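**Q** After the sequence you'll find the predicted model.
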Amino acid sequence: MTPDANLPASHPPVSFGKVGVMLVNLGTPEAATPAAVRTYLAEFLWDRRVVEIPRPVWWLILHGIILRTRPAKSAHAYAQVWTKDGSPLAFHTKAQAATLQAHLGDGVVVDWAMRYGQPSIPAVLEKMKAAGCDRILVAPLYPQFSGATTASVIDKLGEALAAMRWQPAIRTLPPYYDDAAHIEALRKDVAAQLRALAFKPEVLLLSFHGMPERTLHLGDPYHCQCRKTARLLGAALASEFPDVRVETSFQSRFGRAKWLEPSTEDVLAKLAGEGVRSLAIAAPGFSSDCVETLEELAIRGREVFEEAGGKDYAVLECLNAREAGMEMIEALVRRELGGWA
Ligand SMILES: C=CC1=C(C)c2cc3[nH]c(cc4nc(cc5[nH]c(cc1n2)c(C)c5CCC(=O)O)C(CCC(=O)O)=C4C)c(C)c3C=C
Ligand SMILES: [Fe+2]
Ligand SMILES: [Fe+2]
């Protein structure tokens, strides 16, 4: 459709007809400094989907305690994994979008956004609209659904759409925790990395990000979806690695409430204490490496395992923008675009 010659000069450009795909991940600080981490955490931890404590009480705890202490500690963790291209999470998400763009070709506009911080979902939505997109697939890059992650992306999207006069048609990518394409991508990628290790691990630990346990009792499917991913991946790996025992755990505990168990830290110490000497760890709940895999698992996890008597320890890479993961994302996206592109 061509712009209407009778439009007043003040009218924004009007063009239609393209399809957009927006990959969305969590978000990350702009720099590995306490100030930048504070800004990031202030937005992230104020989200009602993330912390469900009533607001006035939570404001006092967040601003009175957490934002005074945690930024320095977290900035130290980020500083250990920061790259010349910035935060690993942003770096990998950007690479995934570029690779997907190359796979899908110029007929589709691919971009990436972050739930917290930049590039924001509203800004990318406006950018896609300006590029002529009138149909947009929003793909939260979380295999397992949780209120704190997937639903929060949809909240932000709804908020952005509510502020737009003319808006595109929207589809969202469903969780893909048990999708055959996802399990096969994980199997291929994990198997290749296990084969390349200098040692044969006795245990493959699948570590997922944790959630407060009460969210499970309130009906959040996250825990069950993590368990199913782990069961399917374990079964898929069994024929090539019959002697590797697969275990599951939950990492990154935050706050005082009870979180999903068993905790990754406890499992690492327990396994080493029971005599396990060699262990590989994978994080199939993260679509890309980030501070939680590169610092918490690769640095602190190793310390826990070695201090408890473990010897050989390896953290496998997430799917990132490598072939197996990108083929899977492409397949899921193409399926969702059916009839659109
Ligand atoms: C993969 C799924 C994730 C779930 C579920 C999740 C829940 C969740 N997280 C916090 C608190 C923090 N998470 C932090 C980092 C972080 N979390 C995820 C993913 C999930 N979080 C990712 C990918 C990252 C890495 C971001 C990066 O920049 O690399 C952090 C910040 C780091 C720190 O200070 O430890 C916090 C805080 C809660 C409270 C929660 C569920 C309620
Ligand atoms: Fe988190
Ligand atoms: Fe963490």
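**A** Looks like it came in fine. Ligands and ions are numbered 1, 2, ... in the order given.

**Q** use CA for all of it now, contacts and neighbours both
**A** Will do.

**Q** Please tell me how far the closest residue to residue 33 other than its chain neighbours sits from residue 69.
**A** Among residues not flanking residue 33 along the chain, residue 75 sits closest, at 5.2 Å (CA to CA, 6 or more residues apart in numbering). Computed as CA to CA, to the nearest Å, the residue 75 to residue 69 distance reads 11 Å.

**Q** Could you check which of the two has the larger neighbour count?
**A** More crowded of residue 75 and residue 69, by other CA atoms under 10 Å: residue 75, with 20 against 14.

**Q** Please name the residues that touch the more buried one.
**A** Applying CA atoms under 8 Å, 6 or more residues apart in numbering to residue 75 gives the contacts 32, 33, 34, 37.

**Q** give the contact list for the second one.
**A** Each residue near residue 33 by CA under 8 Å, 6+ apart is listed here: 71, 72, 75, 76, 79.

**Q** which ones among the contacts of residue 75 are found in helices?
**A** If you go by DSSP state H, the contacts of residue 75 have 34, 37 in helices.

**Q** quick one: which of the contacts of residue 75 is nearest ligand 1?
**A** Relative to ligand 1, the closest of these is residue 37; by CA to the nearest ligand atom it sits at 7.9 Å.

**Q** so that closest one touches residue 71, yeah?
**A** Yes: taking contacts as CA atoms under 8 Å, residue 37 lies within contact range of residue 71: 5.3 Å.

**Q** residues near residue 240, how many?
**A** Residue 240, neighbours per other CA under 10 Å, totals 10.

**Q** Next one: it from residue 191, what distance?
**A** Distance of residue 240 to residue 191, computed by CA to CA: 8 Å.

**Q** do residue 28 as well
**A** With CA to CA as the criterion, residue 28 and residue 191 are 29 Å apart.

**Q** Would you point out which residue of the stretch 101-250 of the chain is nearest ligand 1?
**A** residue 211 (4.7 Å).

**Q** dump the residue contacts of that residue.
**A** Here residue 211 is in contact with 253, 259, 260 (criterion: CA under 8 Å, 6+ apart).

**Q** now the strands for the stretch 201-341 of the chain?
**A** Taking DSSP state E, counting those that start in this stretch, the strands of the stretch 201-341 of the chain run over residues 203-209, 245-251, 278-282, 312-315.

**Q** TSV please, covering the ones you listed and showing distance to residue 140, mean pLDDT and mean neighbour count.
**A** TSV is the format used below for the strands of the stretch 201-341 of the chain (distance: least, CA to CA, whole Å; pLDDT from 0 to 100; neighbours: other CA atoms under 10 Å):
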stretch	distance to residue 140	mean pLDDT	mean neighbour count
strand 203-209	16	99	23
strand 245-251	21	98	21
strand 278-282	20	98	23
strand 312-315	24	98	20
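
**Q** is the helix or strand where residue 70 lies anywhere near ligand 1?
**A** Residue 70 is located in helix 67-81, with elements delineated by DSSP states H and E. Yes: using CA under 6 Å from any ligand atom, helix 67-81 reaches ligand 1 at residue 74.

**Q** And ligand 3, is that helix touching that?
**A** No: residues of helix 67-81 are not located near ligand 3 by CA under 5 Å from the ion, the shortest gap being 8.3 Å.
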